[in-house]
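Q: Output the structure for:
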Amino acid sequence: MNIARYLDSTYLKTPEQSGISHEETLQKDKELAQEAIDNGIFAVMIRPDYVSEIKKYIQERNSNVAVGTVIGFHEGTYSVDDKLAEASKAIEDGADELDFVINYEAYLQGKTELVKDEFVRCSQLGLKHNKIVKWIIEIAALTDVQIADLTKNISNWAEENFQENDLSRIFVKSSTGFYQTHDGKPNGATFEGIRIMLDNAGKLPVKAAGGVRTPEDAEKMINLGVKRIGTSSALALLKNQSSSEGY
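A: The predicted structure follows:
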């Protein structure tokens, strides 16, 4: 199986989180982009501050590797206006894909209309500019029932507010990789969580993000039905190696 075309090769640490400079972070992103170019990886997923430079880097090499970035990351509690502003800047900088963290805390507080409003308005912005839009629901913060319910809500909102041909460009995504869990519980995609998402996503594609450590896991996720996999170990997966660390 050619798993490269399913992969979003990911580096999402800020310079402060990694203890390196802005310039060193940019260099890491360039190396990530070059790996994607050399190995047929579908996309790179990076922080918004680096989108412009990495888009330019990829274009200069006549590659069609997509550039994705994260919006409202990683907590998801940004206001709708802040998310729209961040997404607009990313679009101006050349991002092809926008991965929004949905306000799952508001959802857990029963503020469903607020969550629906941000989903509709932010999705409209992305689709208007012909971007792929993904919605991270942070399954490690949710129960199985909540994973099903939030995924189903997103599916319903999408069908109610967008055209049939738009739905393939609106993903439901599992995880940020930054959520702090307890007792050794996984903070990324699990097979159980992904099955629940797939069962409730309707016509929307699903992205499994984080926790895919081996080529076998990647193939299993693809066989389950996911359309994309977010990983900081893309090259290891393609070289038939396992990764014990990272996203």
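Q: Mind telling me which residue is nearest the centre of the protein?
A: Asp99 (4.7 Å; Cα atoms, centre = their mean).
Q: mind listing what that one touches?
A: For Asp99, the contacting residues are Met45, Gly68, Thr69, Val70, Ile71, Phe73, Lys134, Trp135, Ile136, Lys173, by Cβ atoms under 8 Å, 6 or more residues apart in numbering. (Each C-beta comes from the backbone N, C-alpha and C, glycine too.)
Q: Among these, pick out the one closest to Ala36, please.
A: Among the contacts of Asp99, Met45 lies closest to Ala36 (Cβ to Cβ), at 10.1 Å.
Q: Correct me if wrong: that closest one contacts Thr10.
A: Yes. Look at Met45 against Thr10 with Cβ atoms under 8 Å: they come within range, at 4.3 Å.
Q: Spit out the residues that contact those two alike.
A: Gly230.
Q: which stretches of this structure form strands?
A: For the chain, applying DSSP state E gives strands covering 7-11, 43-46, 66-71, 97-101, 132-136, 170-173, 206-209, 228-231.
Q: and of these, who's closest to Gln163?
A: Nearest of these (Cβ to Cβ): strand 170-173, 10.9 Å.
Q: Direction included, what does that closest one pair against?
A: strand 132-136 (parallel), strand 206-209 (parallel) (DSSP bridges).
Q: Now that Arg228 has come up, it's in contact with Val172, right?
A: No. Counting by Cβ under 8 Å, Arg228 stays clear of Val172, with 10.8 Å between them.
Q: Between the two, which contacts overlap?
A: Common neighbours of Arg228 and Val172 (Cβ under 8 Å, 6+ apart) are Lys134, Pro205, Lys207.
Q: ok, Gly211 - how many residues close by?
A: 23 (other Cβ atoms under 10 Å).
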